[in-house]
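Q: predicted model and sequence below, questions to follow.
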Amino acid sequence: MIRIVITLAVIAFTIPAKYSAQEPRSIHEIRNAIETSNKQAVKNWVKQECIGQYLTYVSFPRFSSKGQYAMIEVTSKYCDGMSLVLFRKGGNGHWIYIQTIRLSVHYDTVPDIHPVDFVQSGVTDLLIEHELLDWGTGVLQKNTSIYHMMNGQMKCIFNEPEYVHHAVEGPIIEQQSKFELHDSTPDSNTFGNKYLSEQQEIKIDAELVRRYRNCIWDDKPEHVVCVESSK
């Protein structure tokens, strides 16, 4: 009877009650699994149709003023996609999977990912440029987007074309937008920590139209809205 009690005590001490096989103990463990295996957990994280030979890059953005986060960028020459796999460190020291952001990759065009404090100073958002969203004969479109942490998930709060070419039927349409980051100030009449200015050129056959807009964080719809500007 004494032997049974001692055995149960040892088991309870060596296996934490809250530990789960779904919660890796280290980012190194996660990175190694993605690069060397095709287990179901890896498929659930990466969410790509292609299999294997993934390359990874790890960063630790401050997505929230509370908690510790890790982001693993996953790419492969066999995939028309790129995955941003996000984890949060739990109270037991293990890493908890949050979500995967899938980005389009095609024609060797890889999106550029920049950490920016767009909404709030000291809190990291993701500015993603040159994502190829549409392609084909006479069609090409690249977008710029911003992701911001809300309710424990990274949400897309901005998504606008930076380049559009359409020459399938009717007039040839070409749009090109140049986005620039600026600090928000009382004089700029903007909200959030930063805002985007957009210089847009739209060409329809030989006719050229220029537009200027400011794209500003609005906490009522919790989204970035773009309004016309003189320049």
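A: Cool, the structure landed.
Q: where do the strands sit along this protein?
A: Secondary structure of the chain (DSSP state E): strands located at 55-59, 69-75, 81-89, 95-104, 112-116, 125-136, 139-150, 153-166, 173-183, 194-204, 207-218, 223-228.
Q: ok, for F118, nearest residue in space, not its chain neighbours?
A: D125 (4.3 Å; Cβ to Cβ, 6 or more residues apart in numbering). For every residue, glycine as well, the C-beta is placed using N, CA and C.
Q: from L55, how far out is the one you found?
A: Noted for D125: a distance of 24 Å to L55, by Cβ to Cβ, to the nearest Å.
Q: hmm, back to that, need the strands of the chain in CSV (columns: distance to V42, mean neighbour count and mean pLDDT).
A: CSV is the format used below for these (distance: least, Cβ to Cβ, whole Å; neighbours: other Cβ atoms under 10 Å; pLDDT from 0 to 100):
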stretch, distance to V42, mean neighbour count, mean pLDDT
strand 55-59, 11, 13, 95
strand 69-75, 9, 20, 96
strand 81-89, 10, 20, 95
strand 95-104, 11, 17, 96
strand 112-116, 21, 14, 97
strand 125-136, 22, 17, 95
strand 139-150, 23, 20, 96
strand 153-166, 20, 17, 97
strand 173-183, 34, 14, 96
strand 194-204, 35, 18, 97
strand 207-218, 35, 15, 96
strand 223-228, 33, 15, 95
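Q: TSV for those, including distance to S37?
A: Below are these laid out as TSV (distance: least, Cβ to Cβ, whole Å):
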stretch	distance to S37
strand 55-59	13
strand 69-75	13
strand 81-89	14
strand 95-104	16
strand 112-116	25
strand 125-136	27
strand 139-150	28
strand 153-166	25
strand 173-183	39
strand 194-204	40
strand 207-218	40
strand 223-228	39
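Q: right, so of these, which gets closest to A41?
A: Between A41 and the strands of the chain, the shortest gap by Cβ to Cβ is with strand 95-104, which sits at 8.5 Å.
Q: okay, now the domains of this structure?
A: By the assignment in automatic domain parsing, the chain contains the domains 19-105, 108-231.
Q: tell me the bridge partners for the residue found closest to I27 once you drop the neighbours it is linked to in the chain.
A: Nearest residue to I27, sequence neighbours excluded (Cβ to Cβ, 6+ apart): A70, at 5.1 Å. Assessed by DSSP bridges, A70 has beta-bridge partners F87.
Q: also the one 5 residues further on?
A: Applying DSSP bridges to T75 gives these bridge partners: L55.
Q: thought it was touching Q53?
A: No: here T75 does not reach Q53: they are 9.9 Å apart, not a contact under Cβ atoms under 8 Å.
Q: now V110. Its backbone dihedrals?
A: Main-chain torsions, V110, degrees, to the nearest 10: phi -110, psi 130.
Q: S26 too?
A: Here is the backbone geometry of S26 (degrees, to the nearest 10): phi -150, psi 160.
Q: how far away is the closest residue in space to it that isn't next to it in sequence from P161?
A: Distances taken as Cβ to Cβ, 6+ apart put W95 closest to S26, at 7.2 Å, once the chain neighbours are dropped. For W95, the distance to P161 equals 36 Å [Cβ to Cβ].
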